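J.: The following comprises the amino acid sequence and a computationally predicted model.
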Amino acid sequence: MVTNASPADRSSSADPTPATSTAPATSTAPATSSRRTFLSLSTAAAAVTASAGAGVALTAAPAGAAAKERTWPDGPGKPVTGQRPDAELRALLREIDQDRVEANVRKLVSFGTRHTLSAQDDPERGIGAARDWILAEMKRYAAASGGRMTAELQSYVQEPGPRIPVATRITNVVATLRGSASPDRIYVVSGHYDSRVTDVMNATADAPGADDDASGVAVVMELARVMAKRRPEATLVFTAVAGEEQGLYGARYQAKQYRTANADVQGMFTNDIVGSSTADDGTRDPRSLRLFAEGVPTAESPGEGDVRRAVGGENDSASRQLARFVSSVADNDATGMRVRIIYRRDRYLRGGDHIGYLEQDYPAARFTEPHEDFAHQHQDVRVEDGKQYGDLPEFCDFAYIARVAKVNAAALWSLAQAPGTPKNARVRTSELTNDTELVWDRGTEPDLAGYEVVWRETTSPDWTHVIPVGNVTGVRIDLSKDNAFFGIRAVDRDGHRSPVAFPVPG
Ligand SMILES: [Zn+2]
C-alpha cells in the first residue's frame, strides 16, 4: 500500500534532501502503482525462489496470498494525490525569512527569563517584557493588513493551583486575521512564550527557552507577518500563549473562550520545540518534522465511544484527518520537509497546548522537531563535566525553523483557501446493504464547487481512492461500508480540497 511503502523508502535514504521530483507527499504516490510494485516484487521473489529449486511451494504461496490480500477490496475511484501549492502559496512561502526567525528567537532569549511567575512589569526582563514586545510586533504586522488583522492581549487571573503558588495573571498575545469569505471558520497556530529551567518553580534564573519555545513563537510571528498582507478566505489566528510550562494554562483558557463563544475552530496547531534537527547523539534529520495527532478523541463522549467500538474509527478522529491534510499539502519540495505523522497525542511524559483545544473537542495537533536533546530543554544553564546544558540559541538551527514555518504556512493557507470540512457527515445504516450511502450538509463557501468521496482499506493509514461526486449532498457508492472506510471532502472552483469528514452512522 502507498503509505506502508513510502515511510520505508524515506527512512532508508541517507540523503537529507527530500525527493523533490517524485511523490512529494505520503498520499501522492498512486495507490495502483504501489500495488503493482508490491506485486512485481512478490513475483520476482517467487521467481528467484523458483529458480533456486527448493522451497518453491513454501515461499511462492505466501507471497501470492499476501499480494491477493493487498488488492482487496476492489472499488471505484482513482488514486488520491497530494495538493500541489498554487502560485499564491509558493509566493508566500518564498517570503518566509530565516533571518527574521533568528532575530525573533534571539530577542525572546534576551528577556533573561520568560517564566510565567517572573516579573510582569519590568520593561527589560521577565515575561511581561516579552509579552509587550510580541504584542508590539504583531501590531506592526497588523498595520500592513488594511484593517483585516487585529492584535490584542487575552488575559485572566489564574487562582492558585498546581505550579501556581499565588494568584497570577496569565496573558496570551492574539493576532486575528479576519477571513474574507468565511470569517466564522477559524484556524489557530500557536507557540508558547513562557520558559523554564530545571526547577519549574524557579522564576528568577536565566531561562533562555530558545528551542522551548521561542522557536515556536518565532514561527507564529513570521506567519503573521507574511500573511497579514494577504486575504485568506477563512480566519487565521496567530497566538503566543503563556503558562504552558506551569500546566497549559494559557491555551486551555483560550480554547475555553472559543468553546464558550461556540466558535467554529476547524483546526489548531501548536509549534513547541521546533528549533533543532540535531539529536542528543549528534545525528541530524533536518528535513523531518513530527506532527503528533491523537486517534481516540480526548473529548469523546460515551455514546461516541460505543460507536467506535462497534464499527471502528479509532484512526479517524478529526485530528487525524487534519494531520493527513497537512501531509497532503505541506510534505513537498515547496517546503523542503517531510511531515512525519505520529499516531499519538504527544510524547511520553510530555504534553502541549493542543491538548487544551482537544479537551474542548476541537481538532488539534502538535509540531515538534524529529529528535530532542533533553540537555537543551528545561535545564539550568550550566557547564557540567565540560558539557554545556541549557536551552540556548547556539543549539538552534534557524534554517530548520524557517522550514517549519513553511510547513505551517502551507497547512494554514491551504486550509483557509479550501472549503471547510463538510459537516454532519453520515453513513446511512437504516437497513442491511452491501453498498454505502453517504449524506452531508452543503457548505456555505461562495466558491464551493462540489464534493469528493475518499475511501481506503480499513488497514491503510491514509486515504487511497477518490471519487468525484459533484455538487450534491448525498451519494450511493458501490462498495460495502463493512469493508472499507469512507470520508467526504469539499472542493472549490480552484481545486482546493478540504480536510476529510469521517461519517458517523445515522
Ligand atoms: Zn514547550
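T.: Everything's here; your move. Numbering: from 1, shown residues only.

J.: Could you list the residues of the stretch 151-300 of the chain in contact with the ion?
T.: Counting by Cβ under 5 Å from the ion, the residues of the stretch 151-300 of the chain close to the ion are 212, 213, 272. No exception for glycine: its C-beta is placed from N, CA and C like everyone else's.

J.: you'd agree the last one is up against residue 194?
T.: Looking back up the chat, that one is residue 272. No. Between residue 272 and residue 194 there is no contact under Cβ atoms under 8 Å: 11.2 Å.

J.: Identify the contacts common to these two.
T.: residue 244 (Cβ atoms under 8 Å, 6 or more residues apart in numbering).

J.: ok, now how distant is the residue of the stretch 1-150 of the chain found nearest the ion from residue 436?
T.: Across the stretch 1-150 of the chain, the shortest distance to the ion (Cβ to the ion) belongs to residue 114, at 11.3 Å. According to Cβ to Cβ, to the nearest Å, residue 114 and residue 436 sit 52 Å apart.

J.: same question, residue 469
T.: 12 Å.

J.: Tell me which other helices or strands the helix or strand hosting residue 340 touches.
T.: According to DSSP states H and E, residue 340 maps onto strand 338-342. Other helices and strands packing on strand 338-342, by 3 or more Cβ pairs under 8 Å, 6 or more residues apart in numbering; DSSP states H and E, are strand 288-292, helix 318-330.

J.: in the last one, what counts as buried?
T.: This points to helix 318-330. 318-330 (16 or more other Cβ atoms under 10 Å).

J.: now stretch 213-232
T.: Buried-residue list, stretch 213-232, by 16+ other Cβ under 10 Å: 213-228, 230-232.

J.: Identify those among the residues you listed that sit within helices.
T.: Using DSSP state H, the members of the buried residues of stretch 213-232 that fall in helices are 215-227.

J.: In terms of distance to the ion, which of these ranks first?
T.: Comparing those against the ion with Cβ to the ion places residue 216 closest, at 7.3 Å.

J.: Which residues are in contact with that closest one?
T.: 190, 191, 192, 270, 271, 272, 273, 274, 367.

J.: mind running it again at 7 Å?
T.: By Cβ atoms under 7 Å, 6 or more residues apart in numbering, the contact set of residue 216 is 191, 192, 271, 272, 274.

J.: Could I get the pLDDT score of it?
T.: The score at residue 216 is 98. That number is its pLDDT.

J.: quick one, strands of the stretch 301-450 of the chain?
T.: Ranges of strands in the stretch 301-450 of the chain, per DSSP state E, counting those that start in this stretch, are 338-342, 364-368, 382-384, 387-389, 426-427, 436-439, 448-457.

J.: thinking residue 442 is in contact with residue 473, fair?
T.: Yes. Residue 442 lies in contact with residue 473 (Cβ atoms under 7 Å); the separation is 5.2 Å.

J.: What about the closest residue to the ion within the stretch 251-400 of the chain, how many residues nearby?
T.: Closest to the ion within the stretch 251-400 of the chain is residue 272: 4.2 Å, counting by Cβ to the ion. Number of residues near residue 272 (other Cβ atoms under 10 Å) recorded here: 27.

J.: With the one 10 residues further on instead?
T.: Using other Cβ under 10 Å, residue 282 has 7 other residues around it.

J.: and what of residue 91?
T.: 12.

J.: From residue 311, how far off is it?
T.: Taking Cβ to Cβ, one finds residue 91 at 44 Å from residue 311.

J.: Could you do residue 322 as well?
T.: Taking Cβ to Cβ, one finds residue 322 at 22 Å from residue 311.

J.: How about residue 175?
T.: From residue 175 to residue 311 the distance is 42 Å (Cβ to Cβ).

J.: Next: residue 321.
T.: 17 Å.

J.: Give me the more crowded residue out of residue 175 and residue 311.
T.: More neighbours surround residue 175 than the other of residue 175 and residue 311, with 28 against 14 (other Cβ under 10 Å).

J.: State whether that one is indeed within a helix.
T.: No. Counting by DSSP: H, G, I helix; E, B strand; the rest coil, residue 175 is not part of a helix but strand.

J.: Next, the contact list for it, please.
T.: 138, 141, 142, 149, 151, 224, 238.

J.: which sections of the chain are below the confidence cut-off?
T.: Residue ranges of the chain with pLDDT under 70: 1-71.

J.: per-domain residue ranges of this protein.
T.: As given by automatic domain parsing, the domain ranges for the chain are 2-70, 91-417, 421-505.

J.: how long is the longest one from one end to the other?
T.: Going back to what we said before, that points to domain 91-417. 15 Å (Cα to Cα, to the nearest Å).

J.: quick one: it to chain centroid distance?
T.: The chain centroid and the centroid of domain 91-417 are separated by 11 Å under Cα atoms, centre = their mean, to the nearest Å.

J.: Strands of the stretch 151-300 of the chain, start to end?
T.: 168-177, 182-192, 234-241, 264-271, 288-292.

J.: Make JSON lines from those and add distance to residue 423 to it.
T.: JSON lines is the format used below for these (distance: least, Cβ to Cβ, whole Å):
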{"stretch": "strand 168-177", "distance to residue 423": "23"}
{"stretch": "strand 182-192", "distance to residue 423": "11"}
{"stretch": "strand 234-241", "distance to residue 423": "14"}
{"stretch": "strand 264-271", "distance to residue 423": "9"}
{"stretch": "strand 288-292", "distance to residue 423": "24"}
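
J.: Out of those, flag the one nearest residue 159.
T.: For those, proximity to residue 159 was assessed by Cβ to Cβ; strand 168-177 is nearest, at 8.6 Å.

J.: Tell me the strands beside that closest one, with direction?
T.: strand 149-158 (antiparallel), strand 234-241 (antiparallel) (DSSP bridges).

J.: How about the first one, which residues are buried there?
T.: Within strand 149-158, the residues that count as buried by 16+ other Cβ under 10 Å are 149, 151, 154, 155, 156, 158.

J.: Same check on stretch 184-198?
T.: 185-197.

J.: thinking again about what came up before, export the strands paired with strand 168-177 to a markdown table and tack on distance to residue 307?
T.: Below are the strands paired with strand 168-177 laid out as a markdown table (distance: least, Cβ to Cβ, whole Å):
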| stretch | distance to residue 307 |
| --- | --- |
| strand 149-158 | 36 |
| strand 234-241 | 29 |
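
J.: Of all those, which one comes closest to residue 98?
T.: Among those, strand 234-241 sits nearest to residue 98 (Cβ to Cβ), with 18.5 Å.
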